[in-house]
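Participant: What would the 3D arrangement of this be:
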Amino acid sequence: MNPSLAPDVSATAPQKTSASLTLIDHPLVQHKLSLMRRKDASTSTFRTLLNELSMLMAYEVTRDMPMQTIEIETPLETMQAKVIDGKKLVFVSILRAGNGILEGMLSVVPGARVGHVGLYRDPSTLEAVEYYFKMPQGMQERDIIVVDPMLATGNSAIAAIDRLKKLNPKSIKFVCLLTCPEGIAALQAAHPDVPIFTAAIDRQLNDHGYILPGLGDAGDRIFGTQ
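Facilitator: Coordinates of the predicted model:
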């Protein structure tokens, strides 16, 4: 093939910044994230964009999902076709904001099971405090994708993954919209075996544990509780 005619995949392939960190920098992902960041985006607009962005990210996060071959009938003949077993996958939402990503992910893999971890951040210590934990049965046979819009201090993600590892799942991944160097360092130090997928790595945390420039409190913006 003429090199000048070869497709340029650099703008669409996710960036593997390290063995355990993937930046999903597809133009559509970046465009929708920029619209979500705007302070004048309405609650409805924010939710819609988050749903669309989550579906786009799901394609990259599930790229290595195992497949099996089954026999199906097309209108013309019988063939062997590849399918995934969505029931082996569990999306674990860190409440409450994780539910904003959950809907888009389930649109792509509707057969996936769902678990919830309820955590809130103590305002004085910024430590995660658990108040709810509910998972499907048979977690030892399942792959987990933990979802939370923000990886800021990393305390909530670490606490959730600590609990999930006690169930001995086959694998765990962590997906967020935004993170920062502090959050990445904390999660990688606590769980170096858990891959992180994100759409942006922002500059830093402020004194209150919020990501800068960020997009504000994701939960408040999803549910209109600002």
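
Participant: can you tell me which residues contact the spatially most central residue of the chain?
Facilitator: For the chain, Val175 is the residue whose C-alpha lies nearest the centre (Cα atoms, centre = their mean; 2.3 Å). Residues in contact with Val175 (Cβ atoms under 8 Å, 6 or more residues apart in numbering) are Met57, Val61, Ile101, Met105, Ile145, Val146, Val147, Asp148, Ile196, Phe197, Thr198. Glycine gets a C-beta too; all of them are placed from N, C-alpha and C.

Participant: Could you tell me how many residues sit around Leu205?
Facilitator: As a burial measure, Leu205 scores 19 neighbours (other Cβ atoms under 10 Å).

Participant: mind listing the helices for the chain?
Facilitator: For the chain, helices defined by DSSP state H occupy the ranges 27-37, 43-61, 98-108, 155-165, 181-190, 218-223.

Participant: From Leu49, how far out is the nearest residue to Ala185 once chain neighbours are set aside?
Facilitator: Using Cβ to Cβ, 6 or more residues apart in numbering and skipping the chain neighbours, the partner closest in space to Ala185 is Gly154 (7.7 Å). Separation of Gly154 from Leu49 (Cβ to Cβ, to the nearest Å): 25 Å.

Participant: repeat for Val146
Facilitator: Where Leu49 is concerned, Val146 sits at a distance of 21 Å (Cβ to Cβ).

Participant: who has more neighbours, those two?
Facilitator: Using other Cβ under 10 Å, the more surrounded residue of Val146 and Leu49 is Val146, with 25 against 20.

Participant: what's Leu49 in contact with, if anything?
Facilitator: For Leu49, the contact set (Cβ under 8 Å, 6+ apart) comprises Lys32, Leu33, Leu35, Met36, Ala41.

Participant: any low-confidence regions in the chain?
Facilitator: Along the chain, segments meeting pLDDT under 70 span 1-19, 226.

Participant: Swap in 50 and give it another go.
Facilitator: Within the chain, the set of residues satisfying pLDDT under 50 comprises 1-12.

Participant: Thr179 against Ala199, yeah?
Facilitator: No. Shown here, Thr179 and Ala199 do not form a contact pair, counting by Cβ atoms under 8 Å, at 9.1 Å.

Participant: overlap in contacts of those two?
Facilitator: Common contacts of Thr179 and Ala199 (Cβ under 8 Å, 6+ apart): none found.

Participant: if we can go back for a sec, which among the contacts of Leu49 end up buried?
Facilitator: Neighbour counting by 16 or more other Cβ atoms under 10 Å classes Lys32, Leu33, Met36, Ala41 among the contacts of Leu49 as buried.

Participant: Excluding chain neighbours, what is closest to the third one?
Facilitator: Translated: Met36. Nearest to Met36 is Leu49, by Cβ to Cβ, 6+ apart, at 4.8 Å.

Participant: Identify the residues contacting Leu119.
Facilitator: Ile94, Leu95, Ala128, Val129, Glu130, Tyr131, Ser156, Ala159, Ala160.

Participant: Just give the number of residues close to the fourth one.
Facilitator: Just to be clear, that refers to Val129. As a burial measure, Val129 scores 13 neighbours (other Cβ under 10 Å).

Participant: Cheers, nothing more for now.
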